[in-house]
Each structure stands twice: as C-alpha cells, then as structure tokens.
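A.B. asks: Test case, fold it:
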Amino acid sequence: GQEEVQYKVFTEQFGVSDMAVRNWTNGPGFLTWSRGQNSHGNGIAGPLPRSFMRGQWTLQQQIMTRYRELGIAGHQPAFGGYAPWALAVAQNDTGKNGATRGKIGKDWDTAWIDGRDPLYTRVADAWMKQIIADFGTDHVWQMDAFFSNGTGWGADEPVAPTPPPPTAPCEWSAVHPGTYLKGCATASQASRNHNAGDPHAHSDIGARPPEKCPSFQTVAEAEAACVSDTYPSCSGITTRTSGVELRAGPAPILIGAGANESSYLILNAAACKGRAPPPPPDPVWLARGKAAYGAVARADGPTARWIYQGWTLYVRGDGLNPVGPTALSHLHGFSSAAPPGQFILLDMNKVGLGEWKEWDGQWGIPFIWTSLHVFGGNQGLKGNMSEINAIPFEAPPFTPAPPSYDPATVAVGVGYTPEGLDQNPAYYELLQEAAFKAAPEPNLTAWLGKRAHRRYGLPNDNADDVASAWADLGASVYSNDAGVHDGSGIGLMPAEGYPSWAGFSGQAPKPAACLIWRAWGSLLTAADRVATPRPETYTYDLVDTGREALSQLSIPVSLNFSGALQGHLSAARITETGGLYRQLLLDLDSLLVTHPSFLLGTWLASARALGGNGTDCNDTAIGDLACPDFMEWNARAQVTTWKPTVSPAKLSAGPIDYARKHWAGLVADYYAERVNQYTQQGLADATSGRPFDGATMQGRLAKLAFGWQTAFGNNYTTVPIGDAVAVSATLRQKYAHFFSTCP
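C.D. replies: Predicted structure coming up:
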C-alpha cells in the first residue's frame, strides 16, 4: 500500500501529475528494490497502474488487521526523503538549497530532499498523516533508502576528535586452571569480521574451524601484548600447549579437570585499556535524523521506533563506510535523534557474520542480528550453519563488557533479510530457532537428521540413508558460505563467482560436490521407506539435492563450452561441449518439473492473476497492454534481463540474470536456448574461419530475451509432471561417470 499512499500525497498535496508519479514508480516486479534501495526513477517496467496500487492498498489493510489479531507489530514506511523530480519543480525547490536531482535525466527522475530542507518536513508530515489514516499504527517505522540522506545539499560540519581517556595500570587475575577465554583478540579492522568465534575445534561436522589467535611464547609476553593498543579487543590470555594466546572473551569458560589450558583475565579492562568515549553526534546527520524521526514522533508519539536498514553499512562513501570515528559520529547523529532505545539497527551482514563485530561493538545502540544470505531469490544449497547456530548466542550484551564494546550495544532480536525466501528451508529453520533457545544446537548433524526424519514422516534413525544424506549435506553445502548469488552454469553462461569449494578440479569433482552427489543417492535409496504418496517435503529435498548436484556439474561443463568459443574455433569442439551443456540443462528441467516448488508456470500464473480485470496498464515501453500481460511481462523480465528488453535489436542493460532461477520452463526454454544460440553463432563463425562474433551474439541474445519476455499467455505447467524418484534414478545413472572418482 506504500505506492497508493505516496500517490495520494504527491498528487493531491504537492502538485505532481498522475503520470509523473506512475512513471517514477517502477513496475510491480521491482517494487521491493524501489522501496528498499530507491531504484525509483529508473523507468523499469512501468508505469505502475492505479488498479495495482489500489489492490495493494486493500491487501495491506487486510494484512495489518490480521497482524494485530495475532499480536504482531507491523512495520510501516515513513518518508525516506525521495520523490519524483516533478515534486521539487512544482514546489520551487530546485535551487541551491533545494532538492538534488537524480542521474537519469528523465522527467521521472528522483528528487533527493535533504532532511534540513523545509520541504522534507512538509512532505513527511503529510505522508505520516495519510498512512496512519489509512492503516493505523503499531509504532514501528522504517525509512528504507533514507540511508545517509545524502543530497549534496550543504557540507558536513567537522566533528572535533574525542581525546582518549586517561588509563590506569592493568590488573591481572590469578590463574583460572582448566578454562579458556572465547574469541580471538584482533589487531586489524580487516580481521574483525571473524573475531567472535570459538578458537576451540568442534567435533560436529559443519562446525567452524578453529581460529588462529595471536600467540606468544610466554605469559609475560602475551600480557604485554594484550594491554597494548595493538589489540584493543583483548580481555585476557589463554595458555595452550602451542603457546599463550590473546583472547577477547569476557569470562573464563570451564573445560574440566585435567585440561591442559588455563586463563588469565584483565580485571579492570575498561579502565586500563582506555576505551575512547564515542565521538559526539555529527551535527548535520543529527539534523537530518531529527527531521526524519521528528515527523514520525509528531504523528505517532515519542514511543515510535525507527528501524534502520543496516545495508547502508556496506555502501562505501555514504558516510557509514569505512568503519571509524567519523562513521560512528554519523550513525550517532541518527540514533541520537530518537529517544534512547527507540532507534534500532538491522544488522544485515551478507552471510550473517555480524556487522557489530566489524564495528567492535561500538554502536551503543540496540540491533537485530540478521543474515541476508541471498540476492535476487537465487537458488543453490548453501549457508554456514555453524555460524548461524553460534553467532546469535555470542552477541552482546556482555557481562562484563570487554574493553572495545559499548555496553549499550545490545542484540534485541534475530532474523533474516534475504531477497527471496523459497530456498534452503533448513538454514532458515535453524536461524529462526535461535529466538527460542538459550544456547546453540549442540550437534548440528543430529539436528539435521532428526529434522529430515520428522519432515518425511519417518522414525528417527541416526544411521539410515536419510541421516547419511543430511550428514553429507551438513559437511558440504551447510559448512560453507557461497556468497549471495548463484555462480553455477545454470542461470549464467558460463559459471562465474562460484565459491572455491564448489564444482570440479580438472575432470574430478571436488570433495563437496562428491558429498552432494552421495547425498542425492542416499535420499533416493530412502524412497522405498517413505510412505506413498510421498510427501512433498521428501520429494522437494530429493529434487533440490539433485538440482544442486547437477548445478555443481554445470560449472565445468559451462566453462568448457565457453572455452570452446575462444581463440581458434573448432566446430567439433563447439558441437560437443555445447551439446553436453544444453542436454544437461534440459535434463535438469525434466527433474525440476516433477515438483511444484520449481515451476516457472506457477510464477507466471500468479503474476497474470495479479492483473485481474485491470484496464489501465498502458503507455509501457512496449505499448499498451492488457493488465495480465503487463504483470507477466514484469515477471518474465525480472528473472531474465531485469530491466526489460524492449526491442529485439538491443539487449537490456540489466543487471542481466540478477534474479536467475532454477525453474522448469525457464531452464529449458531460456537458458538451454541461450546455449543453443551461442552454439549456432560459434558454428557459423567456425565455418567462416573467423573469431567468435560477440557483437552479433548480442543481437541473438536481444532477440531471445525480447521474444521470451513478450510470449504472453503462460503456456507453462502449474502442476508437476513425472515422478521425482524415477527421474532422479535415471539422471543419476546417466551422469554417474562424471562422479566416478568420488569415494
């Protein structure tokens, strides 16, 4: 309902025309990114129909009503400081101290309105009045894309450096035999992403490897290093047979009698280590923050909370990256604008490692720890479960607080923030459970096996094929992070950006690929024990594991084909490598179509249904459309070239394949056909004795994308076809020779 609110505010109160708002707001397939990152004004698959805005507004009212019945507080959007450029023009706010124009140069450009600009307050107040009138309030607000509110409007004022506090001599405890201190003390900013783990090895597969802490030969040397400025997070030392290590944990942890370790703790770390007080809030950021929170508080009262999207901590140059006193003063400018505890940061580390570590816990504000995990809804089994099992329980508050931590830095929740949730259910289930546990899961292998047996309707057995399959997955894909994008050769041509542990080494699958292949076989063997009709949970895991195994094979297969298109072209090699690649994709499609979770047809049917009986889906880049066709156009563009390819003569600027998916129909008709087009171009060039013609290939890709994105009507199945067990057995037999070197 956000778009309906902004439409009413902008058109009824600030003189913006209907088309200026609807062209500025991208199409329905891209609104998540429009809202969260302000990709408004980019002209992506719009203009947004009024029928859609009204429908979403009605749906949001139903959602908020149901939330409140269940006792859930809904987070609503406040004004983030961005609007159509036409608003700034209509309000005469385009001068030196007015709104800053975006970079597109179109009539539907974005106007960035500085929080110190009186126009910001006028728009924000009107926005808050309208949204509360429409939806009520649960007193929780987000201003996604407010970020630094950086506009180029005026210069930041310098903040005076904070002098270091006086220090007292460090006092050491007596020895604590049979104990260790958790977490390695670190010396450099680059290493702080990993400084809170347990340096002790775990026996459970999927556990984090032991960390290498700074080590010295004697207790005296270690103590001297620990109290120095080189290791600000050091709170004590642990003696081991390999040396005396610097640690960051706040209290000794008992190992047991006879353990060959002992610990010493600094008793007055806060005083002797001299943690510098936080810098004062930056005055410009404070003014911007007061404008933002002030509009919320005027409409909703002083108990309103501001949830701040922590993705901005990753964006270099926006004022909160790189980490340091200046960035901290900026962040405190925002947080100080709200009453203590009412500004809550979403810690959006890509793989859940925790931004609070990168900042040495100096925020001095409450935060919600999350794992972002995936971009664009990409598929692929992945996620270091050992990390997400442990980190929620390592987060502050600490008692006592180590020297580098601000005691006001407190974790108040856990969660996840992926761009698409329909993948890796085991990963998210484990993460969710952290909110209801007092300690990490003691044995992840057992947890995975028990979960799978319950999921398939089987009695728990830690030695059967199901347990074996999930032990192998736990030791491979769920012991590693793989980045936020799928780097396989399924949705990319060729594979790129895949993790070092994935794929093959030469002609041999790497250990992780072997474990995935074996897990698929174990799940297949278990089929006879699963009651028929087999539950979708079992067939989902069978298909998903098989999909991952073939995805691993697609890495070398796609690279071999790409290599055949470089240098001197051989028709025979292009035919062989391209034929294998295309057939692999077609075979994968035959597996995906056996389960409802991997069907392109469902995605397109849902999009068409969203169009309903609307008749206002006009003036698009490809002409006037029936609303079901308009919605399907958005859905098809999102999963292929992102920004639609609006001409068969020119490929979209993308980002191409950003939201790639492993879906039946998409794999066969788009990805496999793309390989076919590369093959045909390569063969034509080989016959002519010339290098591969990349420019002509771009034309082929444009024609493919335009034709596929505008093939309206959804002729793809919305129900599964075939038997997942039978297809898995056939494909395992067909591709077994590629995995013959696996143990």
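A.B. asks: all strands for the stretch 101-250 of the chain, in order.
C.D. replies: 110-112, 140-142, 176-177, 179-180, 215-216, 236-240, 243-247 (DSSP state E, counting those that start in this stretch).
A.B. asks: Of those, give the one that comes closest to Ala653.
C.D. replies: Ala653 lies closest, by C-beta to C-beta, to one member of these: strand 110-112, at 17.7 Å. C-beta: built from backbone N, CA, C; applies to glycine.
A.B. asks: so what does that closest one touch, helix or strand wise?
C.D. replies: strand 82-84, helix 85-90, strand 100-101 (3 or more C-beta pairs under 8 Å, 6 or more residues apart in numbering; DSSP states H and E).
A.B. asks: and Ala435, which of these is closest to it?
C.D. replies: strand 82-84 (33.1 Å).
A.B. asks: which strands and helices sit next to the closest one?
C.D. replies: Using 3+ C-beta pairs under 8 Å, 6+ apart: strand 82-84 touches helix 2-13, helix 18-24, strand 110-112.
A.B. asks: remind me, longest helix of the protein?
C.D. replies: Looking across the chain with DSSP state H, the single longest helix is helix 536-564.
A.B. asks: next helix or strand past that one?
C.D. replies: Using DSSP states H and E, the helix or strand that follows helix 536-564 towards the C-terminus is helix 571-592.
A.B. asks: can you state the direction angle for that next one and helix 536-564?
C.D. replies: 170 degrees (axes from the mean of the first three to the mean of the last three C-alpha atoms, to 10 degrees).
A.B. asks: what's the average pLDDT for helix 571-592?
C.D. replies: If you average the pLDDT over helix 571-592, you get 98.
A.B. asks: which secondary structure elements does that helix contact?
C.D. replies: helix 536-564, helix 672-688, helix 724-735.
A.B. asks: any idea which of these is most buried?
C.D. replies: Highest mean neighbour count among the helices and strands packed on helix 571-592 (mean count of other C-beta atoms under 10 Å): helix 536-564, with a mean of 23.
A.B. asks: what sits against Asp18?
C.D. replies: Contact analysis of Asp18 by C-beta atoms under 8 Å, 6 or more residues apart in numbering lists Thr11, Arg50.
A.B. asks: hang on, Met53 in a strand?
C.D. replies: No. Counting by DSSP: H, G, I helix; E, B strand; the rest coil, Met53 falls outside a strand, being helix.
A.B. asks: Near it, how many other residues are there?
C.D. replies: Neighbours of Met53 under the rule other C-beta atoms under 10 Å: 23.
A.B. asks: now Ser263
C.D. replies: The number of residues near Ser263, taken as other C-beta under 10 Å, comes to 24.
A.B. asks: and it, what helix or strand is that in?
C.D. replies: Secondary structure (DSSP H and E) places Ser263 in strand 262-265.
A.B. asks: what's that strand packed up against?
C.D. replies: Packed next to strand 262-265, using 3+ C-beta pairs under 8 Å, 6+ apart, are strand 176-177, strand 179-180, strand 236-240.
A.B. asks: now the second one: mean pLDDT?
C.D. replies: Right, strand 179-180. In this model, strand 179-180 has an average pLDDT of 89.
A.B. asks: what's the offset of it from the middle of its chain?
C.D. replies: In terms of C-alpha atoms, centre = their mean, to the nearest Å, the centre of strand 179-180 is found 36 Å from the chain centre.
A.B. asks: Quick check: the residue nearest in space to the middle of the chain vs Ile131, distance?
C.D. replies: The chain has Leu372 as the residue nearest its centroid, 3.1 Å off, counting by C-alpha atoms, centre = their mean. Going from Leu372 to Ile131 by C-beta to C-beta, to the nearest Å gives 27 Å.
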